[in-house]
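Participant: I need the structure of the sequence given here:
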Amino acid sequence: MKIDNDNIRKLADDIVLSITESFYANGVFNDDDIKDSESHFKALKRILDEGGIDNLSMTVDHTDSLTSKARHYKKNNELDYARIFYATYFEHQVNDLIDLYCRRNKIDNKNRLSIIQSVNIWGKFTWLLELMNYPKFNKNHLNTIKNLADSRNAFVHYKWKEDPDFHSDINLEAEQKKIEDEFKRIENAVKYFRNYCSKIKFNGKKNHLKKLIK
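Facilitator: Below you'll find the predicted structure:
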């Protein structure tokens with residue numbers, strides 16, 4: 001890739017946006033700090049003048065690449081691999097919400113990791129979300145994520161359930177429709193969860209944060 005001023009500027013903008021989103025989500029920046037471009041610049045300068053933020057780590061967001069890979073495998077009819085990447089997307093995102101809650105409430109790293117590692121995917125999307133006072137999760141999307149996680153685990157851990165229709169004649173048209181409906185539900189759940197996470201992290205101001213960088 002050719003390194004020119006435009007590429008350098010884009011990289012710088014991406015870094016500043018990532019920092020700004022992280023600071024706002026974690027409560028380092030408040031609404032006054034992102035009111036307009038001038039306020040945003042002053043807030044960033046304030047952080048630099050104060051020597052940065054202690055114990056605030058930057059994480060790499062892989063969620064877009066996970067859904068892109070999932071769609072790639074779905075397009076190529078490699079359905080089990082598609083399910084793996086979709087399921088991993090949901091787990092990454094819910095873990096990020098748990099991490100965010102712990103940071104906002106000053107829960108130490110050891111306990112934060114313990115929560116993420118010890119609670120299963122069903123618990124994370126049900127009682128743990130409620131315990132963290134996050135909005136109630138849509139039941140239909142919750143069931144979609146649970147079924148997806150079960151399918152992923154069956155494939156990864158080789159825990160197949162016997163299919164009662166295994167020896168029956170296969171209706172290819174009906175089977176294809178079943179698959180398409182399954183992945184349509186998964187995509188709807190992805191869209192729902194992306195909006196769900198954005199509201200928690202950015203209070204509906206994600207687009208406003210992007211405009212600050214332009």
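Participant: hmm, Phe29 is touching Ile19, no?
Facilitator: No - here Phe29 does not reach Ile19: they are 9.6 Å apart, not a contact under Cβ atoms under 8 Å. All C-beta atoms are positioned from the backbone trio N, CA, C, and that covers glycine.
Participant: of these two, who's got more company?
Facilitator: Between Phe29 and Ile19, counted using other Cβ atoms under 10 Å, the more crowded position is Phe29 (22 against 17).
Participant: ok, and for stretch 129-145, which residues are buried?
Facilitator: When burial is assessed from 16 or more other Cβ atoms under 10 Å, stretch 129-145 yields the following buried residues: 129, 132, 134, 137, 141-142, 144-145.
Participant: what sits against the residue positioned nearest the centre of the chain?
Facilitator: Nearest residue to the geometric centre of the chain (Cα atoms, centre = their mean): Gln93, 2.9 Å. By Cβ atoms under 8 Å, 6 or more residues apart in numbering, Gln93 lies in contact with 63, 193-194, 197.
Participant: 6 Å - rerun?
Facilitator: By Cβ atoms under 6 Å, 6 or more residues apart in numbering, the residues touching Gln93 are 193, 197.
Participant: name the SS class of it, please.
Facilitator: helix (DSSP: H, G, I helix; E, B strand; the rest coil).
Participant: okay, buried residues for stretch 207-214 please.
Facilitator: Going by neighbour count (16+ other Cβ under 10 Å), the buried part of stretch 207-214 is 209, 212.
Participant: kindly report the same for stretch 19-33.
Facilitator: 19-26, 29, 33.
Participant: repeat for stretch 186-197
Facilitator: Neighbour counts over stretch 186-197 (16+ other Cβ under 10 Å) mark 186-187, 189-190, 192-194, 196-197 as buried.
Participant: compile the residues you listed into TSV and extend it with columns for pLDDT, secondary structure and distance to Thr67.
Facilitator: What follows is the buried residues of stretch 186-197, written out as TSV (pLDDT from 0 to 100; DSSP: H, G, I helix; E, B strand; the rest coil; distance: Cβ to Cβ, whole Å):
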residue	pLDDT	secondary structure	distance to Thr67
Ile186	97	helix	10
Glu187	97	helix	9
Ala189	98	helix	11
Val190	97	helix	6
Tyr192	97	helix	13
Phe193	97	helix	11
Arg194	94	helix	9
Tyr196	96	helix	15
Cys197	93	helix	13
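Participant: any idea which of the residues you listed is the one closest to Ser114?
Facilitator: Cys197 (22.0 Å; Cβ to Cβ).
Participant: returning to what we had before: between the buried residues of stretch 186-197, which is nearest Ile47?
Facilitator: Nearest member of those to Ile47, counting by Cβ to Cβ, is Cys197, at 24.2 Å.
Participant: how is this structure carved up into domains?
Facilitator: Following automatic domain parsing, one gets these domains for the chain: 5-58, 63-202.
Participant: which element, helix or strand, includes Tyr134?
Facilitator: According to DSSP states H and E, Tyr134 maps onto no helix or strand at all.
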